[in-house]
Every structure is written in structure tokens, then in C-alpha cells.
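**Q** No letters, just coordinates:
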């Protein structure tokens, strides 16, 4: 199932699209006009969709500013969010069709109302530049896949094959997830299997109350009780370069009698930005068992959706030092709020983002989850001082109408501010605009 091809994610609003063609001996040139809009931008990811002749399938790319200064750039296939829901991600183009690619770069700085003029050159010659630092994937078969940036560890994808030969092995292997290292890459700051609430693991996604098959069959991919579990089925695509590290995964959701009721494509994209770890989580879930109804507990949002769980030390030692940042308030240490069906808390309904500040090894970190208006609503947020937070929703999924969700995640050393998290969220949901002019 695995195919080592490139992948990409659309994060920029495109004013005009275009196709390029030229003889194989000639470099392709095009100009980009990047507009900041109403907000100042600082170190934001930008992705521009391109299409061009198949002769440039393995082209190198150079991106320069108006002053001639080079900016690291990377070409990938379109990402999961850019693909129509009816099309399989990472699919090869039809014979004779123009190649579809995305150009990725990090925009260093642009003032509110500002415009940047960049020039990109594609060449079939060997790579035009050698970036001093790049992402790299290292696969430890049937155990984990490690992403590094230079010598720094960034994250692990835990892809252990499901094994229910013993209770202990089943618990260890019933869920796939991503582990996160601290921004310096020295140690994990997220929780794996074991510890308090063993089903909470790193960055993870699932629902505790799932029905399908005319509502007669049930599954739980949150606690993975009964016959339910998530299984790694392959790496569909991966990309590694100076700007992004990306991984597109095939994951099956199993319910009664261990049968598959839904296929998931899950994509993680990590960006080479300063000051912390910035990544996008995109998931597309498609039913193979009629209408699949996704839900969480009736009384609280603690058992469904997309969540982060910090290392078990937070639960065991430092939970009283955990506090939350919200769009309209900063919570006190040890104080948590969550949505409840009897008394909905305004801090926990349809919030655009939420941050958690926590302590591991005597050092404070801040993590944030950023939502998008396109994700299903209402969104119900959960906070737990032992180091878990996230959001869930109620939705129906069919084969004809898959469910695609997108979140952005931020992790940094130390504390941050509401303004900083609001700016990160705005960069995510209101990206820069890019106009393209082929020359």
C-alpha cells in the first residue's frame, strides 16, 4: 500500500491559477505577488498551487525576493485538504495531464497592507540550492517513523501493528498516534501508552460513541473498548525538504467483530518556522458501512475528537501548575472549564482556539489547538489539568460524503499571550493571498 511520493497542503488563498509549459531545456519562471491583507505577517507558511508540463516532474526550485535574497522553497504534490473528497489523495495524474504541484515557503515578514514580490524558477537541472537544514523521515519498521529537522527530533508516528494476543499487547497497539518532542528535540513532551488514562496518547483522534449499520452497530475509537481499534494500514505519501515534513497515512477504524467500518486518510504537515513546532492535522474519514454517526459522551466532551495529551508527569506531579489560555480569558493555575450539556460554559463552545500551559521536568511549555470555521459545529472544548485538551463535534459520515477536518497545532517553550495565539489562528484561517504571473 505504501508509495513513497510527495504530498502537499493548500494554506494560501489563490487569486489566479495557471499552467506552465516550456521545452525541457528551458527553466520555467513565474512571479508571485503576496499580499498580507489587514494583518502583519511574521514567519507564516504559504502554499501556492501550480500546474506545469510533465517534463518538470523532478524540477528543482529557487525562490528569490525583489532584492535577490533567496528564500527556502519546496515543491510537493497537492495535500489532502487540496484534493476533492471524491478523489484518493496522492493519486497519480492521468496520462498526458499537467502535473499539479504546490510550492511551499515561509514568508519571513510582511507588514499589514504590504505586498511582497517573489520570483520562482523551476529547472530540470540538479537541485538549484542545498538547504543547510531539512526535514527527514526515518522508518523503524513496525515500531515508529521519526521526523527530524537537521539533528533535532520533531515527532514520532507510532504505527505498531495491532496485536490482541494478550491484554497488554492489545492495549499497547489499539491506537495509532503522533508523539511530540520539545522544541529543542531533547525529550518527549507528549504521553504514550500507559500512565493515567492509557488511551490518551500524544496527538490523537477518535470518538467514544459511534453507531453505523442503521445504528445497530457500535464502536469506540477513543477508549478502543470491545472489538474497536484503529490500525495503521500504510504510508500513502511523504515529503521532506527545507520547508515542510509531511506524512499521509492510511488508517482503518474497526468496530464490532473487528470489521472495518471506515477508512481514514490522516495527514500531518510540519513547518520549518522559528520559535516552536507548528503543524497541521488533516483527516478525511470515509464510511464503508452506510451512515456512520460520530458522537461523544452526552454529558461532556472529554471522550471524542482531536486532542493533545502531555506527558504523564503533568498528571503525576505538576497538574496544579497547568493553566489555560482562551480568546477572552486566561485561566488560573489548576482551574479548568469544559462544555457540559446541562450548563454550557461560554469558554468551551465554538472557540476558535485554545492554549494549555504546563510544566515538565521543571520547565514550562505552551501548546495550542487552532480550529477552523469549516470544521463541523458546534465544537465542544475540553480542558483537563492533568494535561489533556481538545475539541469534538457531532457528525454523520457516508461513502458519498466523507468528513474532512483540519486543525493547526503549536508548541513552544515557556509562556505566551492571547494575542500571539490569536495571530497564529488568523494566519491559519485567513492566510495571505497570492497572485501568480507566468513569465
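**A** On my side now, so go ahead. Just so it is clear, the structure is predicted and the values come from calculations on it, not from any experiment.
**Q** nearest spatial neighbour of residue 170, skipping sequence neighbours?
**A** Of all residues not flanking residue 170 in the chain, residue 164 sits nearest, at 4.0 Å (CB to CB, 6 or more residues apart in numbering). Heads up, the C-betas are built off the backbone N, CA and C, glycines and all.
**Q** now swap in residue 159 and tell me
**A** residue 232 (4.0 Å).
**Q** residues of the helix or strand the one you found falls within that come out buried?
**A** Applying DSSP states H and E as the criterion places residue 232 in strand 229-240. The neighbour-count check on strand 229-240 (16 or more other CB atoms under 10 Å) flags 229-233, 235-240 as buried.
**Q** The helix or strand just after that strand packs against which elements?
**A** Next helix or strand after strand 229-240 toward the C-terminus (DSSP H and E): strand 244-254. Strand 244-254 sits against strand 73-76, strand 135-140, strand 144-149, strand 152-158, strand 229-240, strand 260-271, with contacts defined as 3 or more CB pairs under 8 Å, 6 or more residues apart in numbering; DSSP states H and E.
**Q** residues in contact with the residue sitting nearest the centre point of the chain?
**A** With distances taken as CA atoms, centre = their mean, the residue of the chain nearest its centroid is residue 281 (1.8 Å). Residues near residue 281 by CB atoms under 8 Å, 6 or more residues apart in numbering: 203, 205, 266-268, 306, 406-409.
**Q** Same check on residue 189?
**A** Residues in contact with residue 189 (CB under 8 Å, 6+ apart) are 180-182, 310-311, 360, 365, 411.
**Q** how does it look with 10 Å?
**A** Residues counted as contacts of residue 189 (CB atoms under 10 Å, 6 or more residues apart in numbering) are 179-183, 202, 277, 308, 310-311, 313-314, 358, 360-361, 363, 365, 367, 387, 411.
**Q** Okay, and which of the residues you listed map to helices?
**A** Within those, residues falling in helices by DSSP state H are residue 313.
**Q** Filter the contacts of residue 189 down to just the buried residues.
**A** Of the contacts of residue 189, these count as buried by 16+ other CB under 10 Å: 179-183, 202, 277, 308, 310-311, 313-314, 358, 360, 365, 367, 387, 411.
**Q** tally of neighbours for residue 169?
**A** Here the number of neighbours of residue 169 (other CB atoms under 10 Å) works out to 14.
**Q** I meant to write residue 116 there.
**A** Residues within reach of residue 116, counting by other CB under 10 Å, total 21.
**Q** The residue nearest to it when sequence neighbours are not counted and residue 175: what is the separation?
**A** Computed as CB to CB, 6+ apart, the closest residue to residue 116 that is not its neighbour in sequence is residue 34, at 4.3 Å. Look at residue 34 and residue 175: by CB to CB, to the nearest Å, they are 40 Å apart.
**Q** remind me which residues of the chain are low pLDDT?
**A** 1-25, 84-97, 126-131, 298-301, 340-344, 439 (pLDDT under 70).
**Q** which helices and strands sit right next to the longest helix along the chain?
**A** Identified as the longest helix of the chain according to DSSP H is helix 418-429. Other helices and strands packing on helix 418-429, by 3 or more CB pairs under 10 Å, 6 or more residues apart in numbering; DSSP states H and E, are strand 41-52, strand 277-287, strand 323-326, strand 353-360, strand 363-370, strand 403-413.
**Q** how many degrees apart are the fifth one and strand 277-287 in direction?
**A** Pointing back at strand 363-370 there. 40 degrees (axes from the mean of the first three to the mean of the last three CA atoms, to 10 degrees).
**Q** got the angle between strand 363-370 and strand 353-360?
**A** Using the same axes, to 10 degrees: strand 363-370 against strand 353-360 is 160 degrees.
**Q** try the first one
**A** Strand 41-52 and strand 353-360 are oriented at 120 degrees to each other (the same axes, to 10 degrees).
**Q** Direction included, what does strand 41-52 pair up with?
**A** strand 19-20 (parallel), strand 99-110 (antiparallel) (DSSP bridges).
**Q** now for those strands, which one comes closest to residue 272?
**A** With CB to CB, the closest approach to residue 272 among the strands paired with strand 41-52 belongs to strand 99-110: 6.3 Å.
**Q** Let me know the angle separating that closest one from strand 244-254.
**A** 120 degrees.
**Q** Pull out the buried residues from strand 99-110.
**A** 99-107, 110.
**Q** re earlier: verify the contact between the residue nearest to residue 116 and residue 105 for me.
**A** Yes: contact status for residue 34 versus residue 105: in contact at 9.4 Å, counting by CB atoms under 10 Å.
**Q** Mind listing the shared neighbours of the two?
**A** With CB under 10 Å, 6+ apart, residue 34 and residue 105 have common neighbours 12, 44, 46, 48, 118.
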